[in-house]
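[1] structural data only, the sequence is not supplied:
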């Protein structure tokens, strides 16, 4: 049905069809714009995601639809005069595509005026895809998976509907800046045209030339600053036409090229819709809920101007188009193309700062480090267990630092008040600081911590003791543990109980003399020679030897 000799089509006909479409589109766009303004068919920006502040008509799809089919009819008349056989083949192809394309255009136009529900538009797209399938335009082969074997009817129908719906909506979703959707579609259409020429598929080539000319003529009024918008009638129609001509172009190829080239050439809208679905799924939002987090919105938030953002995305579309052409004719370079695209997408998403993907990366890291998480959780539980036998501040500090320093914590603080009557030596190795008692590790100075976790003490053992905090000197490395383990393991309760025992065991009278008489003198040299002494205990031993300094170094 789609096979036609190139003898009926020459370069002059392609060029003529393209230029005629440009002229028709420029004229029809101007007429539609003036009519829309006169009748009051204008779009009032009202939502946060709308980047325009002035009302403009959004029925530009009418101009593209009218110009493309008028030029197609003109080409049909020219062929019928010179080559009737070619005209009949071309007419059958037009009829196959025109019916579902008109359905999509009509639904989009109705949506421009009445804001149809998402399920209504989706239903129309599915019907249009089924019409293409029944007319013979379908995904017939999937070389990467099934080789040269034809797909079964059900799978072919499913893939055809998925392809048409995905591409139709992809171009609709990127229609958020002046000229963006139309410009991206223009690059994709040129790729379809070039590949159709290489594949000796003149019907698809002439359709691509007409569509490209219609889009280019419309861009005269749609590029920033725009005086008319595509509207859903335009973006849905363009997306559907590209999905249809791509299916028509794939009929003569049973290799991976049949799918890979269209997918890569439509890379920008496919990437945007894929990212939108993933981020909405990750944050639990409805998949069809509009937002202001598309790629073009992110570029604006990064400080790019409206026009510069569009030009950047034009460059991305052009790059996708060039990469798709590298796959012709056999697809041998597909691995290289996929690697380049993968690195580009990864780098681009990082620059756009999507929080959903940052969280996904964090979850992936946690999964890889799950064994370490378990080990650190166990260390917290062991610290809680060891605290049950602590009866002095020295023991409390030593136990906490011994178990929590390997996890990544560098200090301990007890929230205290009304302790003016307690001697400094009785509190060692803790030191007073702004109402806190601090036990500092090797990597921490008094004011050098990056952040702290604070837990309220359970029993309120004394009016002097309110909470316990653990410090971290740096945020360069992530912490691998579950924060709730500090409570569920009994860690905070154990600290509370240890403080009670310590307070009850404090000597009465002259704290300075009693402490000096009773403390154990452990020299640094003894600790160094002990193979079993932990780094935390070594630090505590040094502090005890230092006497009144009350400072861990």
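    Perfect, thanks for sending it. The structure presented is a predicted model; accordingly, all values stated were derived computationally and were not measured.

[2] what's the neighbour count on the closest residue to residue 170 other than its chain neighbours?
    Using C-beta to C-beta, 6 or more residues apart in numbering and skipping the chain neighbours, the partner closest in space to residue 170 is residue 269 (3.4 Å). Using the backbone N, CA and C atoms, a C-beta is placed for each residue, glycine as well. Per other C-beta atoms under 10 Å, the neighbour tally for residue 269 reads 29.

[3] do residue 43 as well
    A count of nearby residues for residue 43, using other C-beta under 10 Å, gives 18.

[4] any idea how far the residue nearest to it when sequence neighbours are not counted lies from residue 28?
    Of all residues not flanking residue 43 in the chain, residue 58 sits nearest, at 4.2 Å (C-beta to C-beta, 6+ apart). Distance of residue 58 to residue 28, computed by C-beta to C-beta, to the nearest Å: 15 Å.

[5] just the strands in the stretch 1-150 of the chain please.
    Under the criterion DSSP state E, counting those that start in this stretch, the stretch 1-150 of the chain contains strands at 42-43, 56-57.

[6] in the helix or strand in which residue 504 is found, what's buried?
    Applying DSSP states H and E as the criterion places residue 504 in helix 491-505. For helix 491-505, a neighbour-count test (16 or more other C-beta atoms under 10 Å) marks 491-502 as buried.

[7] now do stretch 82-95
    83, 86-87, 89-91, 93-94.

[8] same thing with stretch 28-35?
    28-30, 32-33.

[9] those residues into JSON lines, with extra columns for distance to residue 404 and pLDDT?
    Formatted as JSON lines, the buried residues of stretch 28-35 follow (distance: C-beta to C-beta, whole Å; pLDDT from 0 to 100):
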{"residue": "28", "distance to residue 404": "73", "pLDDT": "96"}
{"residue": "29", "distance to residue 404": "69", "pLDDT": "96"}
{"residue": "30", "distance to residue 404": "73", "pLDDT": "95"}
{"residue": "32", "distance to residue 404": "70", "pLDDT": "94"}
{"residue": "33", "distance to residue 404": "69", "pLDDT": "93"}
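
[10] as a whole number, average confidence for the helix holding residue 504?
    Mean pLDDT, computed over helix 491-505, is 81.

[11] ok, stretch 270-277 next?
    For stretch 270-277, mean pLDDT is 91.

[12] can you name the next helix or strand after the longest strand along the chain?
    Secondary structure of the chain per DSSP state E: the longest strand is strand 465-472. As assigned by DSSP H and E, the chain's next helix or strand after strand 465-472 is helix 485-488.

[13] where does the stretch 1-150 of the chain have low pLDDT?
    1-9, 45-53, 141-149 (pLDDT under 70).

[14] so which residues of it form helices?
    Secondary structure of the stretch 1-150 of the chain by DSSP state H, counting those that start in this stretch: the helices cover 11-39, 60-82, 84-114, 118-134, 143-146.

[15] and the ones you listed, which is most packed in?
    helix 60-82 (a mean of 21; mean count of other C-beta atoms under 10 Å).

[16] angle of that helix against helix 11-39?
    Calculated by axes from the mean of the first three to the mean of the last three C-alpha atoms, to 10 degrees, helix 60-82 forms an angle of 150 degrees with helix 11-39.

[17] centre of the chain to helix 60-82, how far?
    Distance, stretch centre to chain centre, for helix 60-82: 40 Å (C-alpha atoms, centre = their mean, to the nearest Å).

[18] so what secondary structure elements neighbour that helix?
    Judged by 3 or more C-beta pairs under 8 Å, 6 or more residues apart in numbering; DSSP states H and E, helix 60-82 is in contact with helix 11-39, helix 84-114, helix 202-222, helix 231-250.

[19] with distance to residue 411 added, can I get those helices in JSON lines?
    Output for those, formatted as JSON lines (distance: least, C-beta to C-beta, whole Å):
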{"stretch": "helix 11-39", "distance to residue 411": "68"}
{"stretch": "helix 84-114", "distance to residue 411": "61"}
{"stretch": "helix 202-222", "distance to residue 411": "61"}
{"stretch": "helix 231-250", "distance to residue 411": "58"}
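
[20] of the ones you listed, which is nearest residue 472?
    helix 231-250 (49.8 Å; C-beta to C-beta).

[21] hmm, back to that, next, the angle strand 465-472 makes with the helix holding residue 504.
    Using the same axes, to 10 degrees: helix 491-505 against strand 465-472 is 120 degrees.
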